[in-house]
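>>> sharing a sequence plus its predicted fold:
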Amino acid sequence: MSAPLTNHKPLRPTNGEPSPNISPQPSTQNEIVEAAEPETRAAFEALLARIAGLDDAPSLRRVSVGSLDDYLAAFRTVQGAEAWRNNAEWVRAHPTALGAAVAERFRIAASVTRDDETAARAALEPLRDHVQSLVRDAVLVLPTVPGPAPMRTSDGDRVDAVRQATLRMTAPAAVGGAPAISVPLLTVPSQLGPAPVGVCFVSRPGTDVALVRFARRLAAGLALRKDLP
């Protein structure tokens, strides 16, 4: 899925509650990193090298989350069913209030059957278990999005393509019910010059505050090491 990161020493927040262990994961496939744009992948790999150069650097390894399309398909089916249940009455009463892209998503959501939703929820269970197994004693580190935000002048197809790619990359954390935080640690080329791209840290459920502290500590450590490339 990403380059999971873990430090064999648990961080101890000020309230005494241990934060998630931080230590990278298996060196197998890297689906989320591979889903990013080439410039983002290059910047991300450079960031991992900088992390490896920190004092007391955590060990890093690669893990496989599985097919991103499997996560996205089941997630979107359940999301659509829930969105239509909660908003159908309003959408029917205001048929011209939605933009074309949103209206199309609601049209698709309205077609989700009870059987479709039941099957999708069943498909999500093993995926959720797998994600939670990856973050049980580690923090996952991955690009948050494929690349820089699209230009305001981008056409609808480009914006939707970025949106779909972002959903593919973020669906596993959502399916796993895992807390995630994005920190703008990457800089990549864009039409307007260097642009920020986030790095996402994902940990096990219930470790939200510890995850924020970990991300802040790592970002601060990188900012102090100006000697690292």
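Great, that's in hand.
>>> look at the most centrally placed residue in the chain and report its pLDDT.
In the chain, the centroid-proximal residue (C-alpha atoms, centre = their mean) is residue 170; its distance is 3.4 Å. pLDDT recorded at residue 170 is 94.
>>> does it really touch residue 143, like I thought?
No. In terms of C-beta atoms under 8 Å, residue 170 does not count as a neighbour of residue 143; the distance is 10.3 Å. Where you see a C-beta, it was placed from the backbone N, CA and C, and this is true even at glycine.
>>> any common contacting residues for those two?
residue 200 (C-beta atoms under 8 Å, 6 or more residues apart in numbering).
>>> how far away is the residue nearest to the centre of the chain from residue 53?
Separation of residue 170 from residue 53 (C-beta to C-beta, to the nearest Å) stands at 28 Å.
>>> what are the phi and psi angles of the residue lying closest to residue 131 once chain neighbours are set aside?
Leaving out its chain neighbours, the residue that sits closest to residue 131 by C-beta to C-beta, 6 or more residues apart in numbering is residue 176, at 2.9 Å. Torsion angles at residue 176 (phi, psi; degrees, to the nearest 10) stand at phi -80, psi -10.
>>> what pLDDT is listed against residue 176?
Predicted confidence (pLDDT) for residue 176: 95.
>>> so what's it up against?
If you count contacts by C-beta under 8 Å, 6+ apart, residue 176 has them with 127-128, 130-132, 134-135, 202, 205.
>>> ok, residue 73 next?
120, 123.
>>> one more time with 10 Å, if that's ok
Going by C-beta atoms under 10 Å, 6 or more residues apart in numbering, residue 73 touches 67, 120, 123-124, 171.
>>> and which of those is nearest to residue 113?
Distances from residue 113 to these, taken as C-beta to C-beta, are shortest for residue 120 (10.4 Å).
>>> quick revisit: what secondary structure does the residue nearest to the centre of the chain sit in?
Using DSSP: H, G, I helix; E, B strand; the rest coil, the secondary structure recorded for residue 170 is helix.
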